[in-house]
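Trainee: just a sequence and a predicted model for now, questions to come.
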Amino acid sequence: MKILVVDDELDMENLFLQKFRKEIKDGTVIFAFANSGEQALEYMNTNNHEAVLILSDINMPGMSGLQLLEKIKQKFNTPPPIVMMITAYGDAENFNTAMELGADDFLTKPVDFNLLKQKLKIPTNG
Amino acid sequence: MIQSEKMASLGKLTAGIAHEIQNPLNFVNKISEVNKELLAEMNDELTKGNIEEARSISKDVTANEEKSIFHSKRAVSIVKGLLQHSKATHNQKELTAINVVADEYLRLNYHGLRAGDKSFNASFKTDFDRVLFSVDGKINIISQDLGRVIFKILTNFFHVVNKRQKAAEKIFQPFFTTKPTGQGTGLGLSLSYDIITK
């Protein structure tokens, strides 16, 4: 499973690499990271669809996660990647907009990695 | 500054701070979780007698603690900033690193604005000049007063940027026009947009 993580906080990359170190070691997942919506689109354009799953923060400077979500769902639709939005704001407004734009799932920070792994159908220790 | 303005700016600052603090605190939380897992693994490796493997894991734990310390300090300095701002005005001057103050107020103001209006989005870059006549980038001023001035300037700046962004987004909407009443229908750009996009 190839996963693209989009977050402006650089330490998120390190966190994901550690939280998924077993899965990375045994080849269950391969991660790519982008620090902005713009970088994420660049990745999608050059790697055309290698990422089947995108985890994106909503609140980023420049292009927001919701704007990125819209562009991904419009442009990359054969087949469309699964897009899950991550947000610090657990509010109804962002949730509704994300769902309207076609988000497949929604997570609030701090990310519950066990829950995320369950959603990705990766076996966890509970 | 009169009391009500002080309270309004304090309210905005608090919203900004709440957001800013979430990030470093989340990291401290997650890093502790990871380290707990790593220490359990390290323990396993020691039981199995894999000393080198255990050592390698301990290096990762240490690196994580460095990050945790960094994020904790970040949270502390944000809170300090709030306490500074909410203190009664001293009339005493003290050595203040004005570029640090300006940077912190920029971020707090931005987050405060976004807390009230999530549709506002901007990226910014800082390019601070060397502080003239300073000792280590610090000059002798009443820092709370300078902080309030910077905050007020930034509030106005972001307000203008926000208004312009919203106006710019609207120009393709039907019936939106900047022409005075009676001139123009506000349909020109909207029709052009439809023609081009369809």
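Mentor: Structure received. Not measured: the values here are computed from a predicted model.
Trainee: interface residues of chain B facing chain A?
Mentor: B:19, B:22-23, B:26-27, B:29-31, B:33-34, B:38, B:60, B:64, B:67, B:71, B:114, B:118, B:121-124 (Cβ under 8 Å from any Cβ of the partner chain). Any C-beta I mention is one placed from the backbone N, CA and C, and that applies to glycine too.
Trainee: out of the residues you listed, which sit inside helices?
Mentor: B:19, B:22-23, B:26-27, B:29-31, B:33-34, B:38, B:60, B:64, B:67, B:71, B:114 (DSSP state H).
Trainee: give me the buried subset of those.
Mentor: B:19, B:22-23, B:26-27, B:30-31, B:33-34, B:38, B:60, B:64, B:67, B:71, B:114 (16 or more other Cβ atoms under 10 Å in any protein chain shown).
Trainee: what's the lowest-pLDDT member of those?
Mentor: In terms of pLDDT, the lowest of these is B:Arg114, showing 71.
Trainee: show me where chain A has its strands.
Mentor: A:2-6, A:30-34, A:53-57, A:82-87, A:105-108 (DSSP state E).
Trainee: and what of chain B?
Mentor: Listed in chain order, the strands of chain B (DSSP E) span B:94-97, B:138-141.
Trainee: switch those strands over to CSV; also include mean neighbour count, distance to A:Val52 and mean pLDDT.
Mentor: Conversion of the strands of chain B to CSV gives the following (neighbours: other Cβ atoms under 10 Å in any protein chain shown; distance: least, Cβ to Cβ, whole Å; pLDDT from 0 to 100):
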stretch, mean neighbour count, distance to A:Val52, mean pLDDT
strand B:94-97, 16, 47, 78
strand B:138-141, 16, 52, 80
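Trainee: mind showing which ranges of chain B have poor pLDDT?
Mentor: Where chain B drops to pLDDT under 70, the residues are B:1-2, B:6, B:85-91, B:115-119, B:121, B:123, B:169-198.
Trainee: for chain B, what's its nearest residue on chain A.
Mentor: A:Pro61 (3.5 Å; Cβ to the nearest Cβ).
Trainee: what number of residues lie near that residue?
Mentor: 15 (other Cβ atoms under 10 Å in any protein chain shown).
Trainee: repeat for B:Lys73
Mentor: B:Lys73 has 11 neighbouring residues, counting by other Cβ under 10 Å.
Trainee: what's the answer for B:Lys93, then?
Mentor: 12.
Trainee: just the local confidence number for the residue nearest to the spatial centre of chain A, please.
Mentor: Most central in chain A under Cα atoms, centre = their mean is A:Leu55, positioned 0.5 Å from the mean C-alpha point. As predicted, A:Leu55 sits at a pLDDT of 90.
Trainee: same check, this time on A:Ser36
Mentor: Looking at A:Ser36, its pLDDT is 94.
Trainee: distance of the closest residue to it other than its chain neighbours from A:Ala40?
Mentor: Closest residue to A:Ser36 apart from its sequence neighbours, by Cβ to Cβ, 6 or more residues apart in numbering or on different chains: A:Gly62 at 5.4 Å. To A:Ala40, A:Gly62 is 11 Å away according to Cβ to Cβ, to the nearest Å.
Trainee: those two: which is more packed in?
Mentor: For A:Gly62 versus A:Ala40, neighbours defined as other Cβ under 10 Å are more numerous around A:Ala40 (26 against 16).
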